[in-house]
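[1] Need a 3D model of the sequence below.
(one chain, ligands or ions: 2)
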Amino acid sequence: MKYVIGIDLGTSAVKILLVNQEGDVVQEISKSYPLIQEKTGYNEQNPEDWVNQTVAGLSDLMRNFSGQPKDIEGLSFSGQMHGLVLLDLNNEIIRPAIIWNDTRTTVECEDIYAKVGRDQLVNITKNSALEGFTLPKILWVKKHEPELFARVNKFLMPKDYVRYKLTGKLHTEYSDAAGTLLLDVPNKKWSKEICNSLDIDIGICPPLVASHDEIGTITKTYAKQTGLGLSTRIFAGGADNACGAVGAGVLEDGKTLCSIGSSGVLLSYEKNGDKDFQGKVHYFNHSAPDSFYTMGVTLAAGYSLSWFKETFASEESFESLLSEIKSVSAGSNGLLFAPYIVGERTPHADSSIRGSFIGIDSSHRRKHFARAVLEGITFSLNESLQIFRENGKEIETIISIGGGAKNEEWLQIQADIFNSKVVRLSSEQGPGLGATMLAAYGCGWFDTLSECADKFLTVEKEFTPHKENMETYKELFKLYQEIYRKTKDLNKKLVNFRDE
Ligand SMILES: Nc1ncnc2c1ncn2[C@@H]1O[C@H](COP(=O)(O)OP(=O)(O)O)[C@@H](O)[C@H]1O
Ligand SMILES: O=C(CO)[C@@H](O)[C@H](O)COP(=O)(O)O
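    Ligands and ions are numbered 1, 2, ... in the order given. Sure thing, here's the model as predicted:
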């Protein structure tokens with residue numbers, strides 16, 4: 001039997017999948033690493049943690065593997081998007097990576113609009129200037145840490161750094177390059193215009209390849225450390241949301257995905273890169289050849305639930321915390337939650353907004369808060385879905401992936417709030433599975449990714465909207481939407497009271 005490996009470098013952990021030629025997930029390994037949060041709005045990670053935990057995970061996987069290393073034909077990557085890894089001339093790391101949910105760069109986003117022009121930026125990159133993207137982070141380091149910036153020779157995104165360490169070959173690929181705000185998205189090349197307007201040397205941008213392009217093989221050092229063979233072919237891989245879309249079969253018009261990891265994403269396939277969403281949703285290159293996708297992002301989706309669990313139920317599992325919500329009806333007895341605990345992206349790009357519970361009553365217990373958190377995260381994703389529907393997309397089925405897809409009550413809440421059928425696949429590990437599919441396609445096991453999806457992906461369960469809950473949520477969604485407008489100014493004033 002032949003196998004492929006998919007490495008998904010998430011925010012909370014690296015998840016590694018071993019899949020056989022039949023598409024069966026044979027092994028699943030997860031190794032976590034910390035977030036570094038020095039100040040409010042700051043989110044960093046140590047790239048060496050990513051590498052060490054990936055190597056540790058691969059070693060575990062190879063120790064448990066009963067076949068020969070040469071049976072593992074291909075390996076590819078999926079990774080958290082937008083994170084800035086800065087390398088010097090010797091390809092050594094210059095500072096910790098500033099990652100996707102860091103919101104320190106509001107001023108740099110304003111600078112980008114002032115110097116590039118909003119229309120020009122959206123024409124070239126198809127996206128707005130958002131704090132999470134890579135370019136504002138580059139400008140922040142240039143301005144605040146000039147002595148470090150002077151040493152920069154190249155930047156990479158997170159999974160590109162791990163791939164570089166394992167292979168010695170340095171690249172990025174189109175789906176992650178799209179999230180930098182430096183890529184001419186329709187024409188798939190780094191933008192000279194944007195680099196020139198912002199006085200950035202285009203030479204710091206890494207060479208570009210496609211997600212299914214072969215990069216090389218593992219170095220002898222890492223082969224020894226992990227137990228992987230020198231014959232395993234390594235393919236570039238993609239941004240986690242692009243890979244999630246591959247791993248959920250979002251490979252043709254009309255297919256839509258909901259991914260709840262640390263972030264939350266509502267994503268829809270686009271054949272072409274020439275539509276105009278005026279930067280209201282993200283518009284990126286897909287990992288599937290010559291295609292695109294649009295998406296709206298909730299910054300703290302699974303992260304809101306993790307925060308709630310860590311703060312109020314740290315000794316318990318997600319399963320035990322969420323088992324309580326079955327006895328709470330839709331609407332959490334009048335309790336609403338807005339998941340803006342690290343700011344928000346879609347539809348309110350706002351780094352100073354913060355979360356709220358509205359309507360706390362003395363009868364509320366922890367179970368009401370837990371359900372309200374799930375409902376609030378889902379309402380936030382529904383705002384992105386609403387933008388898609390207002391732009392003429394007909395969405396009747398949504399494939400749900402990520403940690404959030406583990407819980408059946410939440411999948412039912414998604415169906416009821418989205419007013420759509422929600423599908424769970426046999427593995428919720430969409431990005432990791434997408435990475436294995438890129439490796440399988442790269443190895444020539446299939447002529448197209450769609451053929452691979454037909455073989456690898458199985459629907460496990462479908463959730464259809466319950467009419468009564470759907471009506472309740474329709475009303476509550478209108479109230480939820482008022483929260484942003486009504487708490488925006490309050491939160492601006494509270495900024496001064498937050499710890500530095
Ligand atoms: N059993 C569960 N039920 C519901 N949600 C869960 C469960 N386990 C984890 N999660 C959620 O999934 C998130 C992690 O999802 P994952 O896709 O692994 O994220 P990432 O790729 O960002 O590391 C957590 O933040 C948590 O909120
Ligand atoms: O910033 C984005 C997308 O624009 C995030 O989706 C990151 O890509 C992180 O993903 P997860 O760790 O939540 O999977």
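
[2] Compute the distance between D199 and D102, please.
    22 Å (Cβ to Cβ, to the nearest Å). Quick note: C-beta positions are derived from backbone N, CA and C, even for glycine.

[3] Which one of those two is surrounded by more residues?
    More neighbours surround D102 than the other of D199 and D102, with 26 against 9 (other Cβ atoms under 10 Å).

[4] list the contacts for that one?
    With contacts defined as Cβ atoms under 8 Å, 6 or more residues apart in numbering, D102 is in contact with 41-44, 131-132, 137.

[5] If we use 6 Å, what do you get?
    Counting by Cβ atoms under 6 Å, 6 or more residues apart in numbering, D102 touches 42-43.

[6] mind listing the helices for the stretch 51-200 of the chain?
    106-116, 118-125, 134-144, 146-149, 158-167, 174-177, 192-197 (DSSP state H, counting those that start in this stretch).

[7] Chain neighbours aside, what residue packs nearest to the closest residue to ligand 2 within the stretch 251-400 of the chain?
    At 3.0 Å from ligand 2, G261 is the closest residue in the stretch 251-400 of the chain, using Cβ to the nearest ligand atom. Distances taken as Cβ to Cβ, 6 or more residues apart in numbering place G402 nearest to G261, at 4.3 Å, with adjacent residues excluded.

[8] Now do that neighbour against ligand 2, distance only.
    According to Cβ to the nearest ligand atom, to the nearest Å, G402 and ligand 2 sit 7 Å apart.

[9] And that residue, what's its pLDDT?
    pLDDT recorded at G402 is 94.

[10] Tell me which residues touch it, please.
    259-261.

[11] which helices and strands does the host helix or strand of V423 pack with?
    Here V423 sits within strand 421-425, counting by DSSP states H and E. On a contact count with 3 or more Cβ pairs under 6 Å, 6 or more residues apart in numbering; DSSP states H and E, strand 421-425 meets strand 397-401, helix 408-418, strand 459-463.

[12] possible to save these as a markdown table with mean neighbour count and distance to ligand 1?
    A markdown table is the format used below for the helices and strands packed on strand 421-425 (neighbours: other Cβ atoms under 10 Å; distance: least, Cβ to the nearest ligand atom, whole Å):
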| stretch | mean neighbour count | distance to ligand 1 |
| --- | --- | --- |
| strand 397-401 | 23 | 8 |
| helix 408-418 | 23 | 6 |
| strand 459-463 | 13 | 14 |
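
[13] tell me which parts of the stretch 151-300 of the chain are close to ligand 2?
    179, 240-241, 261-263, 265, 282, 297 (Cβ under 6 Å from any ligand atom).

[14] out of those, who's near ligand 1?
    Among these, the residues that sit close to ligand 1 (Cβ under 6 Å from any ligand atom) are 261-262.

[15] Restricted to helices, list the residues of the stretch 151-300 of the chain next to ligand 2.
    240-241 (DSSP state H).

[16] Can you pick out the most distant pair from the residues of the stretch 151-300 of the chain next to ligand 2?
    S262 and H282 (16.3 Å; Cβ to Cβ).

[17] measure the closest residue to ligand 2 within the stretch 101-250 of the chain to I7 for me?
    As assessed by Cβ to the nearest ligand atom, ligand 2 sits closest to D240 within the stretch 101-250 of the chain, at 4.7 Å. Distance, D240 to I7, using Cβ to Cβ: 11 Å.

[18] cool, G254 as well?
    30 Å.

[19] now M157
    Applying Cβ to Cβ to M157 and I7 gives a distance of 14 Å.

[20] Kindly report the same for S191.
    29 Å.

[21] who's more crowded, these two?
    More crowded of S191 and I7, by other Cβ under 10 Å: I7, with 30 against 23.

[22] what's the helix or strand that contains that one in contact with?
    Assigning secondary structure by DSSP H and E places I7 in strand 3-9. For strand 3-9, the surrounding residues in contact (Cβ under 6 Å, 6+ apart) are 15-20, 50, 71-72, 74-75, 77-79, 158-159, 162, 431-432, 435-436, 439-440.

[23] Please name the residues that touch V459.
    V459 neighbours (Cβ under 6 Å, 6+ apart): V423.

[24] Got the confidence number for the closest residue to V185 other than its chain neighbours?
    The shortest distance from V185 to any non-neighbouring residue, by Cβ to Cβ, 6+ apart, is to K126 (4.5 Å). Here the pLDDT value assigned to K126 is 96.

[25] hang on, isn't K126 packed against Y283?
    Yes - counting by Cβ atoms under 6 Å, Y283 is a contact partner of K126 at 3.9 Å.

[26] Pick out whichever of the two has more residues nearby.
    K126 (28 against 25).

[27] for S352, what are its contacts?
    S352 neighbours (Cβ under 6 Å, 6+ apart): 491-492, 495.

[28] for the residues you listed, which one is nearest ligand 1?
    Nearest member of the contacts of S352 to ligand 1, counting by Cβ to the nearest ligand atom, is N491, at 22.9 Å.

[29] tell me the contacts of the closest one?
    Taking Cβ under 6 Å, 6+ apart as the test, what N491 contacts is 352-354.

[30] Keeping just the C-alphas, turn stretch 407-418 into CSV.
    Output in CSV follows, covering the C-alpha atoms of stretch 407-418 (Å, rounded to 0.1, in the frame of the first residue of the first chain):
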residue,chain,number,x,y,z
ASN,A,407,-19.7,18.8,18.0
GLU,A,408,-23.2,17.7,16.7
GLU,A,409,-25.1,20.3,18.6
TRP,A,410,-23.0,23.0,17.0
LEU,A,411,-23.4,21.5,13.5
GLN,A,412,-27.2,21.7,14.1
ILE,A,413,-26.9,25.3,15.3
GLN,A,414,-25.0,26.0,12.1
ALA,A,415,-27.7,24.5,9.9
ASP,A,416,-30.4,26.5,11.8
ILE,A,417,-28.6,29.8,11.7
PHE,A,418,-27.2,29.4,8.1
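
[31] Give me the mean pLDDT for it.
    Here the average pLDDT along stretch 407-418 is 98.

[32] rewinding a little: out of the helices and strands packed on strand 421-425, which is closest to E344?
    helix 408-418 (17.3 Å).

[33] Quick check: the residue of the stretch 301-450 of the chain nearest ligand 1.
    Closest point on the stretch 301-450 of the chain to ligand 1, by Cβ to the nearest ligand atom, is G403, at 1.9 Å.

[34] For the stretch 401-500 of the chain, give me the ranges with low pLDDT.
    Nowhere does the stretch 401-500 of the chain drop to pLDDT under 70.
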